[in-house]
Each structure stands twice: as C-alpha cells, then as structure tokens.
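Asks: mind folding the following:
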Amino acid sequence: PFEALLFVPLARFSYATAYLLWLAINLFLLSALPFLLRPQLPDLRNLPLFLWMLAGLSFFPIFASLIKGQDSVLLLFLYSLAFAALRRNQPRLAGVCVAFGLFKYNLILPFVVAFIWRKRLLLMFLAAALGLLLTSALITGWTGLVAYPKYVWLAEHNPHFAWNNSDGNTPNLRGTISTLLPIGATAGLPLIVAASLAILWITGRASRKSGPNNPLAFAIALVGCELVSYHAFVHDLSLLYLPMLVALNE
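Replies: Numbers count the residues shown, from 1 in each chain. From the prediction side, this is the model:
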C-alpha cells in the first residue's frame, strides 16, 4: 500500500493525462540509468548515450512496461541504485534501495536471500521494510494488511482472473514447470519448491564466493530472483536489463 502515495498526485488528473505523466516519469528514470550505471560498467562506459537509450527502449519487457503503465521501470531503477551502491561499497544504502522495491515483494525477497550474509545490507533492509510496513498500516489499517494475503491467494487461483493462471503466462520456474509437465501447478508444487531452493542456494553461494561487490554476483542473484518469483508477467522481466548489461560488460 505504501506505493499508493506515489500515485496520489496523479489522481488529480484525468486518466489519460495521468498515464502520460507516469509515462514521462518512467522515461526519465530510464534515461537516468546510463548516468547511474556507466561508471560501474567500465567496458560499456564509452558507448554513446543514444545507444544506451535505444537498448533500453528496444528491450521488449521495458517497452511493454511503458505501454502498460506498469511500475517495473521504477523497480529496475531501484535495483540499479542498489547495484551502484554496492559497487561503491555502501551496503546500507543498497539495503534501503532494495527495501523500497517491496511493492513487488515477490521480486525482492528472493534477491535478499542471496545477500542475507551481508549484515549491514540486511539490517538496513529490515529497518526500511519495517518503516514501509507501518506506513502501509496507516494507509489501509491493520485489517487491510491482514486480509491482503488471502486476497492475493484467491485472485491467483480464481478462474475468472485468467491472466493470473500460471500455465504459459508466468515466465519463471513455476510457469515453466506448470506448462511443460502435465501434472499441473498444484501437483508440481514440490518440484517447484525444490527447484526454487536450488536456485536460491546457487545465488547465495555465488554471492559469497565472488566477493561482496562483484557485479556478476548481483546479476546472478537478480536472474535467480526472477526465476524463483512465484508470480511474474512479461513486464517484470525488465529487471533482466541490468544483468544483461553486466554480462556484456564482462
């Protein structure tokens, strides 16, 4: 619920005007990424700015996010801030940046698991998350927060919400296993859980072995987070733009 505060000013405008304003904000965040990431990716630093912008706009999940008015570009921006903070050896700032992405907690919590051994990052993440939880409680009341998990679970399994069906729709482990195996998502849950735990173990091990500020560890953790996320749409894959840049830099 804390994310709703971001949209309160837009609620004063017509729907079309609010959409265009939100699109402009997203384009601004997207245009800020080269200035944020170029110093951290030295082998891509000399590429012209227009190429960075074209690369972002031509990555289909980002394009889909812009067209749909989603908040995936905002989450990508927060992850980029955290990436830059870790590269500058500022784990506390990175923890705060990641916490502010909890409006999509399914795309945040698996990432934090990979860096759970970074105590300063974890402590600041938990502190910021607690503040956001209290803010959400002030917005909806505790009753609204308590009812939210039940609402999500019912929406996820309600046949009237066909777009929430995992078979062929969610680009992650859950969607892949549910689609390829004839047993369905429910019967395949043990396999999904086992595969997810394996991915979390791999990302955590990569984070520990490669050192605290290694860009590849961050990239691997972010890819693992996308795979493990219980729910995802195509626009949620916008986050993979950052691991792709890291891989190109390497």
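
Asks: which residues sit against stretch 62-81?
Replies: 3, 19, 22-23, 26-27, 29-30, 32-33, 36-37, 56-57, 61, 93-94, 97-98, 100-101, 103-104, 107, 222, 233-236, 238-239, 241-242 (CB atoms under 8 Å, 6 or more residues apart in numbering). Every C-beta, even on glycine, is put in place using the N, C-alpha and C of the backbone.

Asks: pull the distance from that stretch to the chain's centre.
Replies: On the basis of CA atoms, centre = their mean, to the nearest Å, stretch 62-81 sits 9 Å off its chain's mean C-alpha point.

Asks: what is the mean pLDDT for it?
Replies: The pLDDT scores in stretch 62-81 average 96.

Asks: repeat for stretch 14-28
Replies: This predicted structure assigns stretch 14-28 an average pLDDT of 96.

Asks: list the buried residues for that stretch?
Replies: If you call a residue buried by 16 or more other CB atoms under 10 Å, then stretch 14-28 has these buried ones: 18, 22, 26.

Asks: likewise stretch 115-124?
Replies: Neighbour-count burial for stretch 115-124 [16+ other CB under 10 Å]: 115, 118, 121, 122, 124.

Asks: what about the strands in the protein?
Replies: With DSSP state E, there are no strands along the chain.

Asks: what about the helices in it?
Replies: Ranges of helices in the chain, per DSSP state H, are 4-7, 15-37, 49-58, 60-68, 72-87, 91-99, 109-114, 119-156, 173-180, 184-187, 189-210, 215-228, 241-249.

Asks: distance of the residue most central in space within the chain from residue 98?
Replies: For the chain, the residue sitting closest to the mean C-alpha position, by CA atoms, centre = their mean, is residue 107 at 4.2 Å. Remark: distance between residue 107 and residue 98 (CB to CB, to the nearest Å) = 10 Å.

Asks: okay, and the helix or strand of the protein with the least pLDDT?
Replies: Comparing helices and strands within the chain by mean pLDDT, DSSP states H and E singles out helix 184-187 as the least confident, with a mean of 63.

Asks: that older thread, tell me the buried residues within the contacts of stretch 62-81.
Replies: Once neighbours are counted (16+ other CB under 10 Å), the buried part of the contacts of stretch 62-81 comes down to 3, 22, 26, 29-30, 33, 37, 56, 61, 93-94, 97-98, 100-101, 103-104, 107, 222, 233-236, 238-239, 241-242.

Asks: now residue 103: closest residue in space that isn't a chain neighbour?
Replies: The spatial neighbour of residue 103 that comes closest, neighbours along the chain excluded (CB to CB, 6 or more residues apart in numbering), is residue 3 at 3.8 Å.

Asks: that neighbour and residue 101 touch, don't they?
Replies: No. Between residue 3 and residue 101 there is no contact, the gap being 9.7 Å when judged by CB atoms under 8 Å.

Asks: okay, the buried residues of stretch 14-28 in a markdown table with distance to residue 77 next?
Replies: Supplementary listing: those in a markdown table, determined by distance: CB to CB, whole Å:
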| residue | distance to residue 77 |
| --- | --- |
| 18 | 20 |
| 22 | 14 |
| 26 | 9 |
